[in-house]
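Participant: got a predicted structure plus its sequence, pasted below:
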Amino acid sequence: MPERLTVAVVGCGIGRTHILEGYLPNSDRYRVVALCDVNAERLSALAGEFDIERRCTAFDEVLAMDDIDVVDICTPASIHYGQIMAALAAGKHVICEKPLVGSLKEIDEVIAAEKRSKGKLMPIFQYRYGDGVMKARKIIDAGIAGKPYVGTAETFWQRLPEYYQVAWRGKWATELGGVLMSHSIHIHDMLMWLMGRPAALFGRVATRIHDIEVEDCASATLEMESGALASLTATLGAREEISRLHLAFENVTFESSHFPYSLGDDPWRIVPRDEKVKAEIDALLSGWKPVPRRFAGQMRDFHTAIVEGREPPVTTSDARAALELVAAFYHSARTREEARFPIGSDHPYYESWIPQRSPSGSA
């Protein structure tokens, strides 16, 4: 029986999915003992559903619980930074929903705080978990795929007006961005996980669908560090929802499933260059054991990392790469110039990409 870690889930929206998909399938590894939410009615309902006795409406109460090993932060993005820093200072392990924080300055401060803390921090990128994407990663890591050539990442999702009736959505101050921060950040992380980090980006953003402050459409071309080229397109106005990765390597072409919220799952199309490459792939994947998908897989691997004293399966460095891409996107779109990587503390968007407003309220 593996060591069980005690968990406090903070935020009862996506927090319910973390419990249902992440902790219950790993009940031999975790025990959710506390819930926290500012909405007492929602808190009571979720606690009742999963028979969780300990309930609180103040985050500080969670930090004061000596028996809590993991604080799972599922709150709006604008308050992640303060909660992460406080939890790490309290010596807790931390799991936090995307986007991790709202600037590169903040993520660098979080990275420094994690190094000082006895706790580890894992950002949530659950779409890395699924048999399709894991097989692709295994083939690439084995060197079978060869040199990356080009790739596309498409996020064609739909969000209706009622989605933005939730008070914090669609606003720079609370959502910290639009489709780039809250939706396509997943597939963009996956593209970098499979093809490597970018060297340059030329992008555009637009607000074409909803009466909101932030962008709901975006598109960019990337030059990767490897020399490969990639394109990213995202919208929240699609009539048919799909997500799709299509990656051409020297020896293999990969095309993901099109499921918008299960992108890592099979079936992925894996097309080898010839019979020799096919034989290498077949040998590599012989005896493949299914990978727990989404939160189940990520929470399982986080437990293993904590118990064995290793780095989490998704790291703060991964979260920084995702935010660096966002910063480059906004910088390129507003300056109409190419953005270059890496983005350091001397970059104009290092501290924030949120538009400054005049005293009158105009941007």
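Facilitator: Now that the structure is in, tell me what you want to look at. Numbering: from 1, shown residues only.
Participant: any idea how far Tyr30 is from the spatially most central residue of the chain?
Facilitator: Per C-alpha atoms, centre = their mean, the C-alpha nearest to the average position across the chain is that of Phe125, at 3.5 Å. With distances taken as C-beta to C-beta, to the nearest Å, Phe125 is found 19 Å from Tyr30. C-beta coordinates here come from the backbone N, C-alpha and C atoms, glycine included.
Participant: go on, Ala234?
Facilitator: When C-beta to C-beta is the yardstick, Ala234 and Tyr30 sit 33 Å from each other.
Participant: which one of the two is surrounded by more residues?
Facilitator: Set side by side, Ala234 and Tyr30 show unequal neighbour counts under other C-beta atoms under 10 Å, the larger going to Ala234 at 27 against 24.
Participant: which residues does the more buried one contact?
Facilitator: Listed by C-beta atoms under 8 Å, 6 or more residues apart in numbering, the contact partners of Ala234 are Glu154, Thr155, Phe156, Trp157, Val179, Leu180, His183, Ser184, Cys217, Ala218, Ser219.
Participant: now tabulate these in CSV and tack on secondary structure.
Facilitator: As requested, those are arranged in CSV below (DSSP: H, G, I helix; E, B strand; the rest coil):
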residue, secondary structure
Glu154, strand
Thr155, strand
Phe156, strand
Trp157, strand
Val179, helix
Leu180, helix
His183, coil
Ser184, coil
Cys217, strand
Ala218, strand
Ser219, strand
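Participant: what domains does the record give for this structure?
Facilitator: 5-125, 127-294 (automatic domain parsing).
Participant: okay, the contacts of Ala234 in CSV with neighbour count next?
Facilitator: Formatted as CSV, the entries for the contacts of Ala234 read as follows, by neighbours: other C-beta atoms under 10 Å:
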residue, neighbour count
Glu154, 21
Thr155, 25
Phe156, 19
Trp157, 20
Val179, 24
Leu180, 30
His183, 22
Ser184, 27
Cys217, 17
Ala218, 26
Ser219, 17
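Participant: what is the nearest of these to Glu351?
Facilitator: Within the contacts of Ala234, proximity to Glu351 (C-beta to C-beta) peaks at Leu180, which comes in at 17.8 Å.
Participant: nearest residue to the closest one other than its sequence neighbours?
Facilitator: Leaving out its chain neighbours, the residue that sits closest to Leu180 by C-beta to C-beta, 6 or more residues apart in numbering is Val326, at 5.1 Å.
Participant: pLDDT wise, what is that neighbour at?
Facilitator: Looking at Val326, its pLDDT is 98.
Participant: can you tell me the helix or strand for it?
Facilitator: Take DSSP states H and E as the rule and Val326 turns out to sit in helix 316-335.
Participant: ok, residues contacting the helix or strand that that helix is followed by?
Facilitator: Elements were assigned by DSSP H and E; along the chain past helix 316-335, the next helix or strand is strand 339-340. Residues outside strand 339-340 that contact it (C-beta under 8 Å, 6+ apart): Ala199, Ala200, Leu201, Phe202, Gly203, Ala327, Ala328, Phe329, His331, Ser332.
Participant: give the rounded mean pLDDT of strand 339-340.
Facilitator: Here strand 339-340 scores 98 as its mean pLDDT.
Participant: what ranges do the strands span in the chain?
Facilitator: In the chain, the segments counted as strands under DSSP state E are 5-10, 30-36, 54-56, 70-73, 93-96, 121-123, 148-158, 198-206, 217-224, 229-235, 237-249, 252-255, 269-272, 339-340.
Participant: Ser103 contacts Leu323, doesn't it?
Facilitator: Yes: applying C-beta atoms under 8 Å, one finds Ser103 in contact with Leu323, separated by 7.3 Å.
Participant: re the thing from before, from the contacts of Ala234, which is closest to Arg55?
Facilitator: Using C-beta to C-beta as the measure, the one of these that approaches Arg55 most closely is His183, at 30.8 Å.
Participant: quick check, the closest one in contact with Ala153.
Facilitator: No: the pair His183 / Ala153 is not scored as a contact, 11.9 Å apart, by C-beta under 8 Å.
Participant: what count of nearby residues applies to Val214?
Facilitator: When neighbours are counted by other C-beta under 10 Å, Val214 registers 23.
Participant: skipping its backbone neighbours, what lies nearest Val205 in space?
Facilitator: Glu215 (3.9 Å).
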